[in-house]
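Novice: Just to be clear, the model below is a prediction. Sequence and coordinates:
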Amino acid sequence: MKYLLYTTAFLFFFSCKTDPAVTTPSEQPTTTAPVKVPVFVKDSAFHFVEKQVAFGPRVPGSEAHKAMRQWAVKKFKEYGATVTEQTFNAKTVTIGEVRSVNIIASFNPTYARRVVLAAHWDTRYAADEDEERSDKPIDGADDGGSGVAVLMEIARLLKENPIQMGVDIILFDAEDQGGTGAGMETWCLGSQYWARNPHTRGYRAEFGILLDMVGAKGAVFQKENLAEAFPHAKATRIHQHYDKLWSLARGMGKSALFLDNLTRPITDDHYFVNLYTDIPMIDIIHKPVNSEKGFGEHWHTHDDNIKVIDPNVLGSVGQVVAAYIYNASGSKL
């Protein structure tokens with residue numbers, strides 16, 4: 001098995017903070033060993049996108065949605081995860097009330113120290129940003145499919161390369177069935193439900209990473225400016241993880257994708273996790289600079305198909321996220 005070793009200043013970000021006035025001999029600094037990070041296989045992630053697209057549009061209530069659920073649960077179990085299927089009734093403003101499910105794959109479920117990796121697995125009910133067939137559902141290769149694919153490959157890595165920390169991979173449902181201009185609460189119904197009803201009583205995690213639209217050709221990712229979105233202390237905690245992960249990406253030579261820019265916040269699954277829990281969750285999402293739509297041109301159109309996916313982008317995002325969590329496992333935040 002191939003590994004990548006990261007010994008950059010990133011390790012400093014995950015060192016324990018201690019007050020010099022109360023430091024005891026047992027708390028003296030120790031040398032941090034290089035962290036072994038498994039190699040993220042981009043072609044495997046691309047295959048996982050292909051598999052999802054082959055099911056067809058994964059709109060809640062559809063046969064493709066049902067088949068996708070069965071496949072995802074089976075794959076996570078094959079990778080050694082404890083799987084929870086959290087069902088709920090999603091009252092959407094677009095397709096009515098539909099039975100939905102958050103798929104939660106837990107690795108090391110008994111470990112107290114935990115992190116959350118998330119994506120949404122449903123696809124938009126209609127290509128409402130397209131000029132043609134605007135009433136037909138989309139493939140969602142990038143918008144939904146890419147984030148799931150990266151997390152599925154990370155699940156495979158976790159099986160083959162055990163980590164000394166609990167990892168919960170959550171696939172949120174009913175994210176993309178909101179109404180344009182109908183209010184932010186009409187979106188991200190799965191994450192709203194989970195944030196209010198976590199799958200484990202008293203659930204806590206040190207941080208979370210959301211992946212949404214992380215596979216398109218030419219994708220770029222910007223950091224959110226949350227100064228006015230949340231109280232100062234909460235915004236600061238979230239910003240710290242943006243800064244740490246972007247710094248790591250820069251040290252890995254991924255600056256062309258992870259731009260050191262601040263952009264306005266968006267309503268995505270991470271927003272509701274941050275709103276309703278104490279888990280600081282960041283969002284890695286394709287946001288082109290100066291885009292009229294705010295997202296890629298394929299967003300909510302029929303161009304969001306397998307042709308828009310670049311395995312190299314999947315690989316870069318997946319490797320950065322893998323490095324972040326494996327480094328985090330070596331020290332307490």
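Specialist: Looks like it came in fine. Remember, predicted model here, so these are calculated numbers, not experimental data. Numbers count the residues shown, from 1 in each chain.
Novice: quick one: buried residues of the longest helix seen in the chain?
Specialist: The single longest helix within the chain, with elements called by DSSP state H, is helix 232-251. For helix 232-251, the neighbour count (16 or more other C-beta atoms under 10 Å) marks 235, 237-239, 241-242, 244-249, 251 as buried. All C-beta spots, glycine's among them, are computed from the backbone N, C-alpha and C.
Novice: For the stretch 201-333 of the chain, which segments count as strands?
Specialist: 208-212, 221-224, 258-263, 281-285 (DSSP state E, counting those that start in this stretch).
Novice: Make TSV out of these and add mean neighbour count and mean pLDDT.
Specialist: What follows is those, written out as TSV (neighbours: other C-beta atoms under 10 Å; pLDDT from 0 to 100):
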stretch	mean neighbour count	mean pLDDT
strand 208-212	24	98
strand 221-224	23	97
strand 258-263	16	96
strand 281-285	25	98
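Novice: Could you dump these into TSV and include distance to Leu158?
Specialist: TSV is the format used below for those (distance: least, C-beta to C-beta, whole Å):
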stretch	distance to Leu158
strand 208-212	14
strand 221-224	23
strand 258-263	23
strand 281-285	18
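Novice: out of these, which comes closest to Lys36?
Specialist: Proximity to Lys36 (C-beta to C-beta) singles out strand 208-212 among the strands of the stretch 201-333 of the chain, at 19.9 Å.
Novice: Tell me what angle the closest one forms with helix 232-251.
Specialist: Relative orientation of strand 208-212 with respect to helix 232-251: 60 degrees, computed using axes from the mean of the first three to the mean of the last three C-alpha atoms, to 10 degrees.
Novice: Paired strands for strand 208-212, with orientation please.
Specialist: Using DSSP bridges, strand 208-212 pairs in its sheet with strand 114-120 (parallel), strand 281-285 (parallel).
Novice: Nearest to Glu160 among the ones you listed would be which one?
Specialist: Per C-beta to C-beta, nearest to Glu160 of the strands paired with strand 208-212: strand 114-120, 16.6 Å.
Novice: contacts for that closest one?
Specialist: Contacting residues not belonging to strand 114-120 are listed as 144, 147-148, 150-151, 154, 165-173, 175-176, 188, 190-191, 203-212, 269-270, 273, 279, 281, 321, 325, 328 [C-beta atoms under 8 Å, 6 or more residues apart in numbering].
Novice: After the helix-or-strand element of the chain with minimal mean pLDDT, which helix or strand is next?
Specialist: Ranked by mean pLDDT, DSSP states H and E, the weakest helix or strand in the chain is helix 10-13, scoring a mean of 38. With elements assigned by DSSP states H and E, the helix or strand that comes after helix 10-13 is strand 35-38.
Novice: quick one, what contacts Leu259?
Specialist: Leu259 touches 220-222, 289, counting by C-beta under 8 Å, 6+ apart.
Novice: what about 6 Å?
Specialist: 220, 222 (C-beta atoms under 6 Å, 6 or more residues apart in numbering).
Novice: Distance check, it against Pro137.
Specialist: 31 Å (C-beta to C-beta, to the nearest Å).
Novice: How about Asp283?
Specialist: Asp283 is 24 Å from Pro137, by C-beta to C-beta.
Novice: And for Ile266?
Specialist: 22 Å.
Novice: Gln70 now?
Specialist: Distance from Gln70 to Pro137, by C-beta to C-beta: 19 Å.
Novice: burial measure for the residue lying closest to Tyr276 once chain neighbours are set aside, as a count.
Specialist: Sequence neighbours aside, Ala195 is the residue nearest to Tyr276 in space, at 3.8 Å (criterion: C-beta to C-beta, 6 or more residues apart in numbering). Counted with other C-beta atoms under 10 Å, residues neighbouring Ala195 total 21.
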